[in-house]
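Trainee: how would this look folded up:
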Amino acid sequence: GSVLTSGGVARGGVQDVFGLLTDSSYIKGTSVHRVLRISGDSTSEMTALTDLRKGDLVLCQKGIPGSQVPVYNDERLDVSDAQELGKHISNMSMDNIQGSGLYLSDKFHNKSGYFSINIYNVLKKFDAFVFRIPKKILYAPKEYVAAYLRGYFDGGTRFHLNRITATAACRELASDIVYLLNLFEINAEITTTLTGFEVVISGRDDIDRFRQEIEFLKNTHDFSGARVKPVNSGIDYEKLCQEYNARVPEMSQSFLRLPPDLTELMKNLDKYEESFRQLGLEHKFNTLRLLSHTGCRVTEVTEYAKYTGKDEVFGVVNVEGSHTWCANGIVVSDIVHPDNTAGQI
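Mentor: Model (predicted):
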């Protein structure tokens, strides 16, 4: 899925494409396509896709829910259709697992062979003949998205005392599922298994939101082993405080002292803006501001960018104001940075 809040995109022709997997997203682009990387020293920069390495942190942004009720043959589709679609995709995903080391097509295998008429008709309603979330779901109101996820997790979920897991046939599908969950502020991770990929929801707050928002497993399973997961900001706060304090002149009363923890700073960030700027730490403040936005978080690179073949790519254009452009949640352009145009995607 992708969210566009800027002026648009431009076609870039067919080029060599690479795929990069993080613990919560998968993104494809050319070797010069850049994403927003967060460093431990509180700085951030646009970094080429192929320059990222395992362990690097990049910025993710929560998507925007749609508002278009899905239609087929001039008739509005029901939320039950979306739930049925999710269940079929989940079931077929379990039968079409790709090895984690392979980069194959995301199309269903044996498409004409094992589809029942009922399954085919549901897929046709949503133009859903690849392992990606169809546009009719991406652009739909949240109740359709929740229904799709309810069906998906109903179709192939494993439950534990401390987490919920669902199988995904390929990186793209796993990334799309995580993206949809993020619309409800439910954080999830992508893990690789011996046979493919899994989407994992493990934080206690995230499991609670999943049960409430998706209305699945509300009162039927014990998740007493789940714990609250600390948020990874990618910032070494102790190091930031040391640098900040080292620049404050002795006996100076004009600079605010930083609070003892990063969470407290983020709650009152604007109050410290002038102090950061006067101390020459403006770029670090800009990074903190990015991370303070609702729905923004860091995601860790788990596989470096690998060649996936040739495909049509697009360039981000007309990024204005406070707009950002992201692909599968990963921020590929932001106005805070002087160069506002991301590379090919």
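
Trainee: going forward, measure contacts between C-alpha atoms and count neighbours the same way
Mentor: OK.

Trainee: Could you give me the buried positions within the biggest strand by length in the chain?
Mentor: Scanning the chain for the longest strand, with DSSP state E as the assignment, gives strand 296-317. Neighbour-count burial for strand 296-317 flags 296-308, 311, 313-317 (criterion: 16 or more other CA atoms under 10 Å).

Trainee: Let me know whether Leu85 touches Leu123 as I believe.
Mentor: Yes - counting by CA atoms under 8 Å, Leu85 touches Leu123, with 6.6 Å between them.

Trainee: These two: who's more crowded?
Mentor: Comparing Leu85 with Leu123 by other CA atoms under 10 Å, the one with more neighbours is Leu85, at 28 against 22.

Trainee: three-state assignment of that one?
Mentor: helix (DSSP: H, G, I helix; E, B strand; the rest coil).

Trainee: Can you name the residues that contact it?
Mentor: Leu85 makes contact with 122-123, 148, 151-152, according to CA atoms under 8 Å, 6 or more residues apart in numbering.

Trainee: Closest one to Asn268 out of the residues you listed, please.
Mentor: Closest approach between the contacts of Leu85 and Asn268, by CA to CA: Tyr148, at 37.6 Å.

Trainee: Quick check: Asp78 vs Ala147, distance?
Mentor: Here Asp78 is placed at a distance of 10 Å from Ala147 (CA to CA, to the nearest Å).

Trainee: Which of those two has more residues huddled nearby?
Mentor: Between Asp78 and Ala147, counted using other CA under 10 Å, Ala147 has the larger neighbour count: 25 against 13.

Trainee: so the more buried one sits in a helix?
Mentor: Yes - per three-state DSSP, Ala147 lies within a helix segment.

Trainee: Could you say which helix or strand holds Leu180?
Mentor: In this structure, Leu180 is located in helix 171-182 according to DSSP states H and E.

Trainee: Check Glu198 too.
Mentor: Residue-wise, Glu198 maps onto strand 197-201 under DSSP H and E.

Trainee: Now do that strand: which elements does it pack against?
Mentor: Contacts defined by 3 or more CA pairs under 8 Å, 6 or more residues apart in numbering; DSSP states H and E place strand 197-201 against strand 164-168, helix 171-182, strand 189-192.

Trainee: which one of the ones you listed lies closest to Glu215?
Mentor: In terms of CA to CA, the element of those nearest to Glu215 is helix 171-182, at 12.7 Å.

Trainee: what kind of secondary structure is Ser67 in?
Mentor: coil.

Trainee: ok, and the closest non-adjacent residue to it?
Mentor: Pro141 (4.6 Å; CA to CA, 6 or more residues apart in numbering).

Trainee: Touching, the one you found and Gln68? I think so.
Mentor: Yes - using CA under 8 Å, Pro141 is in contact with Gln68, at 6.4 Å.

Trainee: Next up, the contacts around Ala48.
Mentor: By CA under 8 Å, 6+ apart, the contact set of Ala48 is 31-35.

Trainee: Flag the shaky bits of the stretch 201-345 of the chain, pLDDT-wise.
Mentor: Along the stretch 201-345 of the chain, segments meeting pLDDT under 70 span 217-232, 251, 315-326, 333-345.

Trainee: Noted, bye for now.
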